[in-house]
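>>> Here you go, sequence then predicted model.
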Amino acid sequence: MKQIMISIMLISLLLSSCIEQPNAPENHTPPAVVHGTYILCEGIWGMDNASLDRFDFSSNSVTKNIFQSANEGQRLGDLASDFVVWKNFALISVTTTRTIEKIDLKSGKSLGRISFGSKRAPRKIAVANDSLAAVSDLYNHWITFFNPSTLKIIRDSIEAGPAPEGIAFADDVLLVVNSGFGDYLANKPKAGTVSVISIQSMREIGNFHIGNNPIEILVNKKYNKFYVSYNNLPSLSDSVGGIVEFDLTNLHETARTKTNVRSLTLSPTADTLFFIADSTISYIPLNMNFEEHTLINNPNPSDIWYSLACSPKSEIFIGNARNYQISGQLLIYKNGKYDTPSATYSTGINPNKIVFY
């Protein structure tokens, strides 16, 4: 979908998607939920229809568009890209609207917003601690450091590579995946690499190659490893992407597998890496050889499985984008019962991130 929407994204650079600043919500707010799941739905580029849904474990129900319900007269905006939980709040990046929204986890109420200037594109967020977080800028090829508690910018315009996407903190550095935006910037310097940015100096101190069109990065502190997925290029129709494992200590590659992949996630014990591979949910046991196995087959290959998460009870939660144009679905598979989902719920359009709290 990312390649199909390149033209729309470039046009969006010239447009302003204005949304009002958060006001105090009125009385039509849903009840607070102590433990649940947020489903971020990115919407469709240029349609200003991003939304946030919430699954409540106690009632086994989904409340759609929780952000708008909890914040009267407000909306997320255009193209919600990332949702990151930190302690009692969450941060949401909204790319075309050029904002980072902060919400209270239990209520969904807005706690403030960073509004970036024109021609910005906040993409992926990582949080190091109470006073340091970072966001990648897809269009301008740089990183912004900010304080997640106060929402104040610490340092802006830190150079990375072309079209940075996934980012992750690891000890005293920030790791930045430079996608090159598929074929569009594939020939630019640093496309297909990971930039290593020092937290102390807030500048790039290293860079190493991954493969064509890398998108995601996931840190596994249990094994002192991190994983980067790459998707290869649409112009190379006979090739596939893959997952690369690295040692966090020395940043050396330790394993690699070839597969079409999206939505990397870990099991609750961090012993297993799960991901979407074509029309399946696959996994790699991390305490054995770095080999891929199939867990769940998509019974309807015309449906596009778009996001994935493993619950604290080892249930598999899948965000089904269907055809990218209509309401999506949340599919829940109970642990060990993978023939059919135990429950299916309607969601907003293009559910691209599932996060437990």
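Received the coordinates, thanks. Residues are numbered from 1 along each chain as shown.
>>> pLDDT below threshold where in the stretch 201-350 of the chain?
Within the stretch 201-350 of the chain, no range satisfies pLDDT under 70.
>>> how about a cut-off of 90?
Along the stretch 201-350 of the chain, the model assigns pLDDT under 90 to residues 232, 234, 236-239, 278, 287-289, 301.
>>> Check the stretch 51-200 of the chain too.
Along the stretch 51-200 of the chain, no part satisfies pLDDT under 90.
>>> Show me the helices in it, by range?
For the stretch 51-200 of the chain, applying DSSP state H, counting those that start in this stretch gives helices covering 66-70.
>>> Strands along that one, start to end?
Here the stretch 51-200 of the chain has its strands, by DSSP state E, counting those that start in this stretch, at 51-56, 61-63, 80-86, 89-94, 99-104, 110-115, 122-129, 132-137, 142-146, 153-159, 164-170, 173-178, 193-198.
>>> ok, what's across the strand from the residue nearest the centre of the chain?
By Cα atoms, centre = their mean, the chain has its centre lying nearest to Asp82, at 4.3 Å. With DSSP bridges as the criterion, Asp82 is bridged to Ser93.
>>> Just confirm it contacts Lys124, I think it does.
Yes - in this structure, Asp82 is within contact of Lys124 by Cβ atoms under 8 Å, at 4.9 Å. Just so you know, the C-beta spots here come from the backbone N, C-alpha and C atoms, and that holds for glycine as well.
>>> Contact partners for the residue nearest to the centre of the chain?
Neighbour list for Asp82: 40, 91-93, 123-125, 353 [criterion: Cβ atoms under 8 Å, 6 or more residues apart in numbering].
>>> Of those residues, which is the most crowded?
Highest neighbour count within these, by other Cβ atoms under 10 Å: Leu40, with 29 neighbours.
>>> Turn the contacts of Asp82 into JSON lines, columns for distance to Asn187.
Formatted as JSON lines, these follow (distance: Cβ to Cβ, whole Å):
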{"residue": "Leu40", "distance to Asn187": "32"}
{"residue": "Leu91", "distance to Asn187": "33"}
{"residue": "Ile92", "distance to Asn187": "33"}
{"residue": "Ser93", "distance to Asn187": "27"}
{"residue": "Arg123", "distance to Asn187": "21"}
{"residue": "Lys124", "distance to Asn187": "23"}
{"residue": "Ile125", "distance to Asn187": "28"}
{"residue": "Lys353", "distance to Asn187": "30"}
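>>> Return the closest of these with respect to Gln200.
Among the contacts of Asp82, Ile125 lies closest to Gln200 (Cβ to Cβ), at 20.5 Å.
>>> Next one: that closest one relative to Ala90, how far apart?
Noted for Ile125: a distance of 10 Å to Ala90, by Cβ to Cβ, to the nearest Å.
>>> How far away from the center of its chain is stretch 216-236?
What separates the centre of stretch 216-236 from the centre of its chain is 13 Å, taken as Cα atoms, centre = their mean, to the nearest Å.
>>> Buried residues in that stretch, which are they?
216-220, 223, 225-233 (16 or more other Cβ atoms under 10 Å).
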